[in-house]
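Peer 1: Need a 3D model of the following:
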Amino acid sequence: MNPKLKKALKITGISLGSLIALLIIAAVIISWVIVTPKRLTPIVRSQLKNYITCQADLKEVELTIFSTFPQIALRIDGLTLINPTPGTDQDTLLASQSVDAELNLKALLFHNKVLVDGVTIRKAKIAAFADSTGRTNFDIFKESDPKKESEPFDLIALKSLKLEESDVSFNDYQNGYFFDAKKLDLKLQDLEMTPEELTAMLKLKSPDLYFKMGEDIYWDHRDMDLSLGAGYHMESGKITIQDLQLNHQKNRIEVDGTVESNPDGDMVLNLDYALQTDSIRETIALIPLFLRESLDGIEMEGKGELKGKVSGIFNDSLMPLITGELKLKEFVAYLEGMENIVLREGVGNFNYHIDLNQEDESRVQVNEFKFNTLDSKFEMKGLITELFDAVRYNGNLKADLHLPTLSKEFAEPEGYQVNGKMALNTQLNTTLDDLTELNLDKLLVQGNLKLERFSLIGAKDTLFFETPDAQISLRMNQAGKDRKKQFLEARISSSQMKGTMGKSIDFNLDNANLHVDGSNFTDSLQLLKIACEYQIGHLRGRMDSDNAELSEIKGKASIEELRQLKQNLYNIDLKASQIAATTGEGEDKMDIAADAISLKFNIHEKYSETNPLLQWNPVGNIQLTNGKVKMASIPETIYIPTISFIAEKDEYRIKESKIILGESDFSLIGTLSNLQPYLKNEGILHGDFQFISTQTDINRIMDLTSAESGSEEVDLPPTPRAEGDPFLVPLNMNVKLNTRIDQALFNGSIIRNIKGDLYVKDGKLILDGLKATLPGSDVVVTALYRTPRKNHLFIGVDYHMLNVEIENLLTMFPDIDTMMPMLKSFKGKGEFHFVAETYLFSNYDLKKSTIRGAAAISGQDLVLMDGETFTEISKILMFNKKTENKIDSIAAEFTLFKNEIDVYPFSIKMDKYRAVISGKHNLDMSFIYHISLVESPILISVGVDVSGTLDDLKIRPVIPRYAEYFRPARSEAFTNEQYNLKKMIREALLMKLE
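Peer 2: Have a look, this model is predicted:
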């Protein structure tokens, strides 16, 4: 630097410093010597009347230098302004300890003007008031005369205004503003005022501050430490806020922006704000009540940061838009009425958009929210809407749930206990009300659940469910494949699930995979529809006395409610192996087992029906392999190597079957129809079957298929079937059975090669030309069997035997010996044809008084057995005695009517002899026969009458009744009886049955 310039600056600085020092010394002298309090006080007191209109008092006025250094101030001690105003009981507007008016020294020294740069009011009580008309108690300054020149003392140019430890209140009833502050420290500095704008810096501090606007309290007697830079535009009324900082305990608030009025007089806000807090509880307490109503019942703590913007109109009906970002950490929340539920270790990041004018537009974007409670962890990410109504959440929810702790809080008070762990990851769209009230039809859910060592136990062990692991994919109230809303869709996979319900139900599933779709089963007004696709390694289940066990199960099942038809529709598609099941108990118990089963059915359940067989109407098919059925009412085990069954529209068709029952094995193929009307007693059961068997126990089959009562006993109470009861033909049936039996067991005999048709027609059993091979004979049988009553049975039979051994005939039909006692005297083969009708007792004994029939027997090369009767007769007839009495031929016919048997004349040829025999006998074995020898080597005719009983036999020679070479004619009696029987059978077969 130039030495001369340096020297000049030094001299100038010393000169200025000396001048300032001189001025200070002069001011001191003026203050303490010339301008004394005694002189100033009257001057100020008298001047106050020229500027204010209210009563004013003061104690003393002095000019200060050192206490206000570097400013010179006019200090007024004990200044009081009293202005009584209607509407308020506060007469005193201002009562202060002291008021300092800082003077502009430059204006005073060089321009001879008194300019006040600043005002400091200490320990004052200020009570400002404005009534509803706008009249105030602080409008106390007189209007100045614009023609009068200002005196030097008139000029005030404030650059600062201070309040120290003052109590200030302002009640504005016109605008609805109410302000009160205790021990307020206020600094209004850097005050610049131009005709266009007023700017200043404000610092405010109070331990107890209150502010209310309208009915809403914005600051409720709390401490406040506030600083801001502010500007006010004179023409527009626009307020500018810069670097506003508000500190309250652990909260720090920062605001920048503008507040202005629009042409309608509304307040328009455009503010940026930020908040940092170490106590969310204290922050929430700062929020006006009307803004934190949605937080009622929730107490929160933690640290947080807020940054955002307030923009829009603020008046009695409109609120500005509030947007921003919220960050939380160390967050804790308590829920009212749920003291044990505490949200801990919360971390969150949120964006919010609060529109109180259009509440539906308000929302909170949850970018991250993590917290722990009840030993469980939760994580949320989504959108919250309907903030001022039901509070809706739409987003992701993840949770790791410790179920024992949750169970203690929620389940155990209801009598349930839950154990294990659950991992949840789901998209959730629901309101808080719907979630807490479990309005399942309003929960939109899509996600996954994972269970580990899960168990559920109900009150008093009435309910139990357990699984070591399960994965569940869940969708609720989502769009299905047809784009329609679907209440429930769940996919469940588990290595094992087992459970019980009371003492009546238990189940166990291994390696189960289920896919379930369902309608809203909680809504009684909605039709129920549930579908399930399943694949299960092993299933064991029990319901009451019914239980089942299956392996390798795969298929589908569904239920659909058809309320208008009063029906439920079940669809079942199932394949399984290693089946074992038990149903019923006592005499109704039945055990079922099979190697494999495949079934597919649509089943209509008519729940208005009381008869279980009428309730279920199946349509579909079933295939069973290596089945086994054991019934309590049947001692034998029924084996079913195979069966294929189809049901359709009340028609049931067996495509293939193989059944083993005791000593019977057979295949039954055919169709059964009209079952529903039959069960309702409104129609006839129709059937058409083919019965193919290697061996059939006829007696056992008859026992199993017998009706419980006769056709004339249907109105009587049924009695259980007992051993030895006869076969009773079922009523209301029209069933045809085409038989092909290789071997049949019947009454101790073996019958082979049975072929022909068997009919059951409304209480009648009909054999139509049935062919069979008996021991030593081929037979053709046509028969009609009716069972009016258990002890009153009817049979009509056309029985034709070819090449029958007469000995075997008597063995199979012992009653023939009663009808033709002479047959037991013959040995050999013959032909036997018998047509008869009669009633029987329950043990099949003949009711002899009801017999009506005819028979014919013929044979050749028979042997007449030796006996006492034959010996005596042969002596009278002079037969040659040989080793064997061989008969060349015999042909006989006889008729039966009640107890009497008429034997028509028949011839018998033996060697060189031919005899004609006729007669009659009764079933009490009393008889009379005549024998005429019509051909013989002797030259005379001989006859014999045989009469009496077997115990009292009378044999005497008589004149022959039949002449030599007599040939008996064929009787029409047999033909007539055969015709009548066939007519009866034909009419029964042709009888129309609906």
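
Peer 1: Give me the contacts around the helix or strand where residue 476 lies.
Peer 2: Element membership for residue 476, per DSSP states H and E: strand 463-479. The contact list for strand 463-479 (C-beta atoms under 8 Å, 6 or more residues apart in numbering) reads 416, 426, 440-458, 485-502. Every residue, glycine included, has its C-beta placed from N, CA and C.

Peer 1: Buried only: go through these for me.
Peer 2: 426, 440-445, 447, 449, 451, 454-458, 486-490, 492, 494, 496-500 (16 or more other C-beta atoms under 10 Å).

Peer 1: got a list of contacts for stretch 440-455?
Peer 2: Stretch 440-455 has contacts (C-beta under 8 Å, 6+ apart) with 394, 397, 403, 417-431, 434-435, 464-478, 487, 494, 520, 522-523.

Peer 1: The helix or strand harbouring residue 646 pairs with which strands, parallel or anti?
Peer 2: Assessed by DSSP H and E, residue 646 sits inside strand 637-648. Using DSSP bridges, the strands paired with strand 637-648 are strand 616-631 (antiparallel), strand 651-661 (antiparallel).

Peer 1: quick one: which of those strands is nearest residue 726?
Peer 2: Shortest separation from residue 726 across the strands paired with strand 637-648 is recorded for strand 651-661, at 20.3 Å, computed as C-beta to C-beta.

Peer 1: show me where the stretch 551-700 of the chain has strands.
Peer 2: Ranges of strands within the stretch 551-700 of the chain are 567-583, 590-606, 616-631, 637-648, 651-661, 664-673, 685-697, based on DSSP state E, counting those that start in this stretch.

Peer 1: Is it possible to get TSV of those that adds distance to residue 84?
Peer 2: What follows is those, written out as TSV (distance: least, C-beta to C-beta, whole Å):
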stretch	distance to residue 84
strand 567-583	88
strand 590-606	92
strand 616-631	97
strand 637-648	105
strand 651-661	109
strand 664-673	111
strand 685-697	112
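
Peer 1: I'd like these written out as CSV, with mean neighbour count and mean pLDDT added.
Peer 2: Formatted as CSV, these follow (neighbours: other C-beta atoms under 10 Å; pLDDT from 0 to 100):
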stretch, mean neighbour count, mean pLDDT
strand 567-583, 17, 89
strand 590-606, 17, 89
strand 616-631, 17, 91
strand 637-648, 17, 93
strand 651-661, 16, 93
strand 664-673, 18, 94
strand 685-697, 18, 94
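
Peer 1: Mind checking these for the one nearest to residue 790?
Peer 2: That would be strand 685-697 among these, by C-beta to C-beta, at 21.7 Å.

Peer 1: How about residues contacting that closest one?
Peer 2: For strand 685-697, contacts defined as C-beta under 8 Å, 6+ apart pick out 654, 661-675, 678, 732-745, 754, 758, 993.

Peer 1: Partner strands of that strand and their direction?
Peer 2: Checking strand 685-697 against DSSP bridges gives partners strand 664-673 (antiparallel), strand 733-746 (parallel).

Peer 1: Go ahead and measure how far it is from the middle of the chain.
Peer 2: Distance, stretch centre to chain centre, for strand 685-697: 46 Å (C-alpha atoms, centre = their mean, to the nearest Å).

Peer 1: next one: stretch 115-133
Peer 2: Distance of stretch 115-133 from the chain centroid (C-alpha atoms, centre = their mean) equals 73 Å.

Peer 1: sorry, back to before: quick one: mark the members of the contacts of strand 463-479 that sit in strands.
Peer 2: Judged by DSSP state E, the contacts of strand 463-479 include 426, 444-457, 485-501 as members of strands.

Peer 1: one step back: how about the strands paired with strand 685-697, which one is nearest residue 589?
Peer 2: Of those, nearest to residue 589 by C-beta to C-beta is strand 664-673, at 22.2 Å.

Peer 1: Tell me how the chain divides into domains.
Peer 2: Listed domain ranges for the chain are 29-142+150-193+205-214, 236-389, 396-525, 527-649, 651-659+669-708+725-763, 821-988 (source: automatic domain parsing).

Peer 1: I'd like those as JSON lines, with distance to residue 804 appended.
Peer 2: JSON lines is the format used below for those (distance: least, C-beta to C-beta, whole Å):
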{"stretch": "domain 29-142+150-193+205-214", "distance to residue 804": "123"}
{"stretch": "domain 236-389", "distance to residue 804": "92"}
{"stretch": "domain 396-525", "distance to residue 804": "62"}
{"stretch": "domain 527-649", "distance to residue 804": "33"}
{"stretch": "domain 651-659+669-708+725-763", "distance to residue 804": "13"}
{"stretch": "domain 821-988", "distance to residue 804": "5"}
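
Peer 1: Tell me which of those domains sits nearest to residue 230.
Peer 2: The closest of the domains of the chain to residue 230 is domain 236-389. By C-beta to C-beta, the value is 5.8 Å.

Peer 1: quick one: terminal-to-terminal distance for the closest one?
Peer 2: End-to-end span of domain 236-389 (C-alpha to C-alpha, to the nearest Å): 39 Å.

Peer 1: Now do it: distance to the chain's middle.
Peer 2: 41 Å.

Peer 1: can you give me the helices in the chain?
Peer 2: With DSSP state H as the definition, the chain shows helices at residue ranges 3-29, 37-51, 105-110, 280-286, 403-406, 432-436, 612-615, 675-679, 698-705, 806-812, 815-819, 868-877, 973-990.

Peer 1: what pLDDT does residue 324 get?
Peer 2: As predicted, residue 324 sits at a pLDDT of 96.

Peer 1: Buried by neighbour count: which residues of the strand holding residue 476 qualify?
Peer 2: Result for strand 463-479 [16+ other C-beta under 10 Å]: buried residues 463, 464, 465, 466, 467, 470, 472, 474, 475, 476, 477, 478.

Peer 1: Number of residues surrounding residue 919?
Peer 2: Neighbour count for residue 919, taken as other C-beta atoms under 10 Å: 19.

Peer 1: Does it touch residue 929 like I think?
Peer 2: Yes: Residue 919 lies in contact with residue 929 (C-beta atoms under 8 Å); the separation is 3.3 Å.

Peer 1: so what's in contact with those two at the same time?
Peer 2: 903, 946.

Peer 1: Could I get the phi/psi values of the nearest residue to residue 53 once chain neighbours are set aside?
Peer 2: Of all residues not flanking residue 53 in the chain, residue 140 sits nearest, at 5.2 Å (C-beta to C-beta, 6 or more residues apart in numbering). Per-residue torsions, residue 140: phi -120, psi 0 (degrees, to the nearest 10).

Peer 1: show me the contacts for residue 140.
Peer 2: For residue 140, the contacting residues are 52, 53, 54, 81, 83, 93, by C-beta under 8 Å, 6+ apart.
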